[in-house]
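> what's the 3D shape of this:
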Amino acid sequence: MEYHNADMLGGAGCIISNVEDLSKWLLFNLNKGKLNDKQLVNPRTLMQIQAPVIYVAGSSKNKEIINQCYGMGWFSDAYRGFRRSHHGGVLYGFTSLVSMLPTENTGIVILANINGTPLTEIIEAYVYDHILGLTPIDWNQRNKDIEKQTIQYYKSLENQKDTSYRPEIKSTLPLNEYQGKYVSNGYESLNIKLEGDSLMTSMLGVTCPIRRYNKDIFELYHPIEHGGWQLTFIFDAKKKVKELQIELSPKLKPIIYKKEN
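Sure, this is the predicted structure:
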């Protein structure tokens, strides 16, 4: 896929690294914060960072992986009876995994130039099964079965009509009235323009179409994320657009963008 600059993600995990350097980081953690003969981090601090804090309900359907929790930057669980600390990542064409079994003083770093692949977890499990002398589990076939079920599920949805999608219902105002600059506290401004018969905007240099979904409810579609967010326009007493609201998740309050006059 096309390379996408992800600097905006920063501290959330935007790291450019390699297996050699990440292996050093892994060995540093397994060595309880010691580099050569120098103690750089208190071992108790690392134990606290790796300790389970939040239980992750329903995160694994595999009986071999239990007690999944999240600590301070590490996932913590038990893989086939062995305590495991790990964290993976997916970033626009790349998939990564850093994993360790602290009680066994072993770990693994896997990097793949594939977007959102289970390959990293498959290799991790294969290596651990081999090192621990366990009967290997065919995780590759398990993931193939999951992929097959997922494809079948989405195919079953193809013939189901989305009754909430009603673009034939006219919007409150002509589309050109929705144009303008919208600002929000903490988020980049949105400049919405009418191009032909469609509303468009740009997010960090990426052109995103805004399609009308139902009256004054629209979908802001991001072509790189291959997904969209519900966008709703709100009016004042004079039927002028005063703001728009973007719903990122049903569990979160909408983000409000005020329209500049």
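> do a quick rundown of the helices in the stretch 51-200 of the chain.
Taking DSSP state H, counting those that start in this stretch, the helices of the stretch 51-200 of the chain run over residues 119-132, 139-157.
> tell me the most buried of those?
Highest mean neighbour count among the helices of the stretch 51-200 of the chain (mean count of other Cβ atoms under 10 Å): helix 119-132, with a mean of 17. Just so you know, the C-beta spots here come from the backbone N, C-alpha and C atoms, and that holds for glycine as well.
> do you know how far Ala112 is from Gly88?
Distance of Ala112 to Gly88, given as Cβ to Cβ, to the nearest Å: 10 Å.
> that older thread, which one of the helices of the stretch 51-200 of the chain lies nearest to Thr103?
Thr103 lies closest to helix 119-132 among the helices of the stretch 51-200 of the chain, at 10.9 Å (Cβ to Cβ).
> CA atoms of the closest one as CSV?
C-alpha atoms of helix 119-132 as CSV (Å, rounded to 0.1, in the frame of the first residue of the first chain):
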residue,chain,number,x,y,z
LEU,A,119,1.6,-13.5,10.7
THR,A,120,3.4,-12.0,13.7
GLU,A,121,1.3,-13.8,16.3
ILE,A,122,1.5,-17.1,14.3
ILE,A,123,5.3,-17.0,14.2
GLU,A,124,5.4,-16.0,17.9
ALA,A,125,3.3,-19.0,19.0
TYR,A,126,5.3,-21.4,16.7
VAL,A,127,8.6,-20.2,18.3
TYR,A,128,7.3,-20.4,21.8
ASP,A,129,5.9,-23.9,21.3
HIS,A,130,9.2,-25.0,19.9
ILE,A,131,11.3,-23.4,22.7
LEU,A,132,9.0,-24.7,25.5
